[in-house]
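Visitor: need coordinates for the following:
(chains A and B)
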Protein chains: 2
Amino acid sequence: MSSGTLYLLPVTLGDDVISKALPPDVAEIARRLEIFVVENEKTARRFLGAVKPQKPVRELTLLTLDEHTTEKELPDLLAPLLQGHDVGLVSEAGCPGIADPGAQLVALAHRRGIRVAPLVGPSSILLALMASGLEGQRFSFLGYLPAEKAARVQKLRDIEQDSRKRRETQIFIETPYRNQHLLEDILATCHAETRLCVACNVSLNDEFILTQRIAEWKQTPLPDLHKKPAVFLLLA
Amino acid sequence: MSSGTLYLLPVTLGDDVISKALPPDVAEIARRLEIFVVENEKTARRFLGAVKPQKPVRELTLLTLDEHTTEKELPDLLAPLLQGHDVGLVSEAGCPGIADPGAQLVALAHRRGIRVAPLVGPSSILLALMASGLEGQRFSFLGYLPAEKAARVQKLRDIEQDSRKRRETQIFIETPYRNQHLLEDILATCHAETRLCVACNVSLNDEFILTQRIAEWKQTPLPDLHKKPAVFLLLA
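Guide: Here you go, the predicted model:
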């Protein structure tokens, strides 16, 4: 028996509509799948409901892969694939395997000879980089910055220095309820000439994307980023 | 008069179909636009033909922005936007502003207060990273490696060391006719335990994506990458 395909299925970035986020062929694959490995069951059910699967959402099989999943549990998540079923890997928002725990499962699938098929869909990191107008020939994604203030400020200094040295855009994110603090720290720490893009609620109706130098940001009323997903991009 | 919107319009990664690459709402925007800033006129016309625009392709206005465009010429490209027209920015393949000269125009649009709207579509870099199973919480895109062999080998050593130090995936590309040489240099230069993903013809029917350790690559018949677009991803 040949094994199934692990489809890497991007999901919407919030309450945006499917027709804005997924190509028709991708939505069609999502509709026919019956087994999913998901980062967050609640958001996955809401997304799948919007996709309108062939089977009722409550009859779909959802297995969880999140930051609490141990390496020992991974083989169980691959079992349906080895039994010949196709499986969809679904992140909490955006693309699986990017800034989420999904990559571990993909790595194991490669080792077991399971076909991995990446599908087109939204990534707030990529959309933010496109829209930033910052250097797109060289860039680094750093994930989350340190939660503790002194460590975060030091990290921002390192980020600015690395960006200048390597002439590359540095991209990072923060837990949404700490966004406002991060923005204030960036403005207080970075050089007046450094360019900063803030991309908030990307792809939603109240999308906010603005690139300015630090000196300009200091003269602008700050956007309200509290509890909204945001991406920060910096080029020194 | 208010200015138009600069739509960042991703295009297919080759001869793949529109229904696999673009969400319906994005294809709809592409169909109604009449002015485009394009990296390569020939591939842009082929893509727009496949999208089936409302106006015949030969009647669309195509302005070129490529590596030969000077900073002095950029304002001319923004002129239609300032006159109130919407404009689509189109790369040679994938997403505008990523690994292409489009970011300069986006940066100028921000400075002139023109609305920039990034649209969802395919990026071979992002699809390759998703499918690699390598570290997706931290990654760097480096663009093209040096063309000269000795410099390229030294750069590969630096890339491997950076990946180990920062625990991040390093992503790079090469001019398609040099892919095979690059792959050979990677196998000759990098450590046996280093993981390498080669993603070739991503999203096309003969898509090839494989992640293995260098030692395993050395025991595998090498894929034919000659003149095919490929993305290389390395994690030491």
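Visitor: need phi/psi at the nearest residue to A:E168 once chain neighbours are set aside.
Guide: Using Cβ to Cβ, 6 or more residues apart in numbering or on different chains and skipping the chain neighbours, the partner closest in space to A:E168 is A:R138 (3.8 Å). Any C-beta I mention is one placed from the backbone N, CA and C, and that applies to glycine too. Backbone torsions of A:R138, given as degrees, to the nearest 10, read phi -140, psi 130.
Visitor: cool, A:E174 as well?
Guide: Here A:E174 shows phi and psi, under degrees, to the nearest 10, equal to phi -150, psi 150.
Visitor: with A:K52 instead?
Guide: Given degrees, to the nearest 10, the pair of backbone angles that A:K52 has is phi 60, psi 70.
Visitor: checking the nearest residue to it once chain neighbours are set aside next. Helix, strand or coil?
Guide: Using Cβ to Cβ, 6+ apart and skipping residues adjacent in sequence, the residue nearest A:K52 is A:R31, 6.5 Å away. For A:R31, the assignment made with DSSP: H, G, I helix; E, B strand; the rest coil gives helix.
Visitor: just give me the neighbour total for A:R31.
Guide: 13 (other Cβ atoms under 10 Å in any protein chain shown).
Visitor: for it, give its distance to A:I209.
Guide: 31 Å (Cβ to Cβ, to the nearest Å).
Visitor: over to A:G97?
Guide: Distance, A:G97 to A:I209, using Cβ to Cβ: 24 Å.
Visitor: the two: who's more crowded?
Guide: For A:G97 versus A:I209, neighbours defined as other Cβ under 10 Å are more numerous around A:G97 (30 against 25).
Visitor: so that one is in contact with B:L126, correct?
Guide: No: using Cβ atoms under 8 Å, A:G97 makes no contact with B:L126, being 9.4 Å away.
Visitor: A:L62: what's it in contact with?
Guide: By Cβ atoms under 8 Å, 6 or more residues apart in numbering or on different chains, the contact set of A:L62 is A:F36, A:V37, A:V38, A:E41, A:A44, A:R45.
Visitor: phi, psi for the second one please.
Guide: Its backbone dihedrals place A:V37 at phi -110, psi 120, with angles given as degrees, to the nearest 10.
Visitor: ok, the fourth one next?
Guide: The main-chain torsion angles of A:E41 are listed as degrees, to the nearest 10 and equal phi -60, psi -40.
Visitor: ok, and the closest non-adjacent residue to it?
Guide: Spatial nearest neighbour of A:E41, excluding adjacent residues (Cβ to Cβ, 6+ apart): A:L62 at 5.5 Å.
Visitor: now do the fifth one
Guide: Ranked by Cβ to Cβ, 6+ apart and with sequence neighbours excluded, the top spatial neighbour of A:A44 is A:V38, at 3.7 Å.
Visitor: show me what contacts the one you found?
Guide: Neighbours of A:V38 in contact, by Cβ under 8 Å, 6+ apart: A:A44, A:L62, A:L63, A:T64, A:L65, A:V90.
Visitor: tell me the first helix or strand C-terminal of the helix or strand hosting the third one.
Guide: In the assignment (DSSP states H and E), A:L63 maps to strand A:61-64. Scanning forward in sequence from strand A:61-64, with DSSP H and E defining helices and strands, the next element found is helix A:74-82.
Visitor: per-residue confidence averaged over the longest helix belonging to chain A?
Guide: In chain A, taking DSSP state H as the definition, the longest helix is helix A:149-166. Regarding helix A:149-166, the rounded mean pLDDT is 96.
Visitor: the helix or strand just after it pairs with which strands?
Guide: Once helix A:149-166 ends, the next helix or strand along the chain (criterion: DSSP H and E) is strand A:169-173. According to DSSP bridges, strand A:169-173 forms sheet pairs with strand A:139-144 (parallel), strand A:230-235 (antiparallel).
Visitor: just those: most buried one?
Guide: Counting by mean count of other Cβ atoms under 10 Å in any protein chain shown, strand A:230-235 has the highest mean neighbour count of those, with a mean of 24.
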